[in-house]
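S.K.: From the sequence below, what's the structure:
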Amino acid sequence: MDRQQPPALTTVTAGDGGRPAAGRRRPGWPLVLTALALLTALTVAATVLRANGTLAAWEQTAVETSDAAELRLGYFGNLTHGPALVGLENGHFAEELGDTTLSTQVFNSGPTAVEAMNAGSIDAAFVGPNPAINSFVRSQGRSLAVVAGAASGGAQFVVGPGVTDAEDLAGRTVASPEFGGTQDVALRTWLTEQGYEVDGDGERAVAITPMANGQTISMLRQGRVDGAWLPQPWATRAVQDGARVLVDERDLWADGRYPTTVLVVRKDYLERHPETVEGLVRGLQRSVDWLDEHEDDPALLASTLNRGLERAQTETLPDETVAGALEAIEWTTDPLADTYPQLLADGVAAGTTDEASLDGLVDTTVLDRVRAGSEEGP
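M.R.: Residues are numbered from 1 along each chain as shown. Predicted coordinates:
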């Protein structure tokens, strides 16, 4: 849009004593009135443009963008964060980010990671979809955007030997990683569908205790909790300790696909540094491709993922545990956006979020460019 030039200044001829010459009117008032009229018209136009969204779009395109000096990335020491583990271990992220310095922070749960993002401590993170939805809803769409997927599947409800079937959970205590997290919402939703009163006092009450995944394994082993909705590798570890799978979450979704891990970015960071975010997503795509390409090499997968777990200061795993866990996971950069209305509805029913529009939560603009570039080849 061409900017209008301001009106040319009018020179006033002064008579004796610096006063205006006789018989001439001061041109100041017409200029003032013209300026006021122009300002009023511009204000009305801006109001109309803002109402129909045009001004917001123009303002967004007007943001000056650049490569970021630093990108601060959050992730978990879970196998459902395999693309993050591989991307860091194999250097995919660092290579694609170029001169941008990459720093990382490890979290134990999605709500904690999202809180750090909202506080400005990190710029991007691999998290479950429900904490992303919660943040988006609470900020009225201003906090973050889901720019890509990372993993589908890989979450299971495992129970101890005292639980024989779904009808045997009344009066028992089960665990989830953290209130409001993706596994927590899935657990609350499923229990409610089975007719249980979550955290209530009735005959069919079931208590949910949030706790770290490592602690949950110990508590299951000791019989101090009766079950847990866990991501991988924790679900497989629990089964190897004597628990069994009561529910595989894949069975609850059409085609067995649902987002377990997605990549989210602060919206202000995405607007100012789209090229940097594109580099991060390119690194993610390379990591997903690497995992798929080496599916038939379990030893290489296990060694690479274990080095990633070591980097995350998480306990490494036997090869058979890695292999068992990976059977339940699909690697994909597809954020599976069509599942978000149901994820939101589940969160609302579980009391972890509020009803709201999710327009703008999933933004695949960068991912689409990366995919287009991959199809074109070098």
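
S.K.: how about the helices of the stretch 51-200 of the chain, start to end?
M.R.: Secondary structure of the stretch 51-200 of the chain (DSSP state H, counting those that start in this stretch): helices located at 54-61, 82-89, 92-97, 110-118, 129-138, 182-193.

S.K.: what's next to the fifth one, contact-wise?
M.R.: Helix 129-138 is contacted by residues 109-111, 113-114, 117-118, 143-144, 146, 180-182, 184-185, 259, 262, 264, 339-340, 343-344, 346-347, 352-354, 356, 358, 360-361 when judged by CB atoms under 8 Å, 6 or more residues apart in numbering. From N, CA and C alone the C-beta is placed, and that goes for glycine too.

S.K.: relative orientation of it and helix 110-118 in degrees?
M.R.: Orientation check (axes from the mean of the first three to the mean of the last three CA atoms, to 10 degrees): helix 129-138 against helix 110-118 gives 40 degrees.

S.K.: What residues sit buried inside helix 129-138?
M.R.: Judged by neighbour count using 16 or more other CB atoms under 10 Å, the buried positions of helix 129-138 are Pro129, Asn130, Pro131, Ala132, Ile133, Asn134, Ser135, Phe136, Val137.

S.K.: what residues are up against the residue most central in space within the chain?
M.R.: Centrality entry for the chain: nearest residue to the mean C-alpha point is Val264, 3.1 Å, by CA atoms, centre = their mean. Neighbour list for Val264: Val114, Met117, Ala124, Ala125, Phe126, Val127, Ala132, Leu144, Ala145, Val146, Val147 [criterion: CB under 8 Å, 6+ apart].

S.K.: Can I get those residues in a markdown table including pLDDT?
M.R.: Shown next, in a markdown table, are the contacts of Val264 (pLDDT from 0 to 100):
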| residue | pLDDT |
| --- | --- |
| Val114 | 96 |
| Met117 | 96 |
| Ala124 | 98 |
| Ala125 | 98 |
| Phe126 | 98 |
| Val127 | 98 |
| Ala132 | 97 |
| Leu144 | 98 |
| Ala145 | 98 |
| Val146 | 98 |
| Val147 | 98 |
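
S.K.: Out of those, flag the one nearest to Asp255.
M.R.: Proximity of these to Asp255 (CB to CB) peaks at Val146, which lies at 19.7 Å.

S.K.: Does that closest one have any beta-bridge partners, and if so which?
M.R.: For Val146, the beta-bridge partners are Val264, Val362 (DSSP bridges).

S.K.: dump the residue contacts of it.
M.R.: Pro129, Ala132, Val262, Leu263, Val264, Pro335, Ala337, Leu361, Val362, Asp363.

S.K.: before we move on, back to that, quick one, which of the helices of the stretch 51-200 of the chain gets closest to Arg272.
M.R.: So among these, helix 54-61 is nearest, using CB to CB, at 10.9 Å.

S.K.: Out of the contacts of Val146, give me the one that has the most neighbours.
M.R.: Val264 (32 neighbours; other CB atoms under 10 Å).

S.K.: For it, give its distance to Ala124.
M.R.: 7 Å (CB to CB, to the nearest Å).

S.K.: residues shared between the contacts of those two?
M.R.: Residues within reach of Val264 and of Ala124 at once, by CB under 8 Å, 6+ apart, are Met117.

S.K.: so where's the stretch 1-150 of the chain shaky on pLDDT?
M.R.: Applying pLDDT under 70 to the stretch 1-150 of the chain picks out residues 1-63.

S.K.: can you give me the strands for it?
M.R.: Using DSSP state E, counting those that start in this stretch, the strands of the stretch 1-150 of the chain run over 70-76, 101-107, 124-127, 144-153.

S.K.: export the ones you listed to CSV and tack on distance to Leu280?
M.R.: As requested, these are exported to CSV (distance: least, CB to CB, whole Å):
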stretch, distance to Leu280
strand 70-76, 6
strand 101-107, 8
strand 124-127, 6
strand 144-153, 8
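
S.K.: Ok, which of those strands comes nearest Ala235?
M.R.: Closest among the strands of the stretch 1-150 of the chain, using CB to CB: strand 144-153, at 10.8 Å.

S.K.: what angle do that closest one and helix 82-89 make?
M.R.: Going by the same axes, to 10 degrees, strand 144-153 makes 110 degrees with helix 82-89.

S.K.: hang on, Ala325 in a helix?
M.R.: Yes. The assignment for Ala325, made by DSSP: H, G, I helix; E, B strand; the rest coil, places it in a helix.

S.K.: and it, what pLDDT?
M.R.: As predicted, Ala325 sits at a pLDDT of 97.

S.K.: quick revisit: need the buried residues of helix 129-138 in TSV (columns: distance to Glu193).
M.R.: Putting these into TSV (distance: CB to CB, whole Å) gives the following:
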residue	distance to Glu193
Pro129	19
Asn130	17
Pro131	22
Ala132	23
Ile133	19
Asn134	21
Ser135	26
Phe136	25
Val137	22
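
S.K.: Cool, thanks, talk later.
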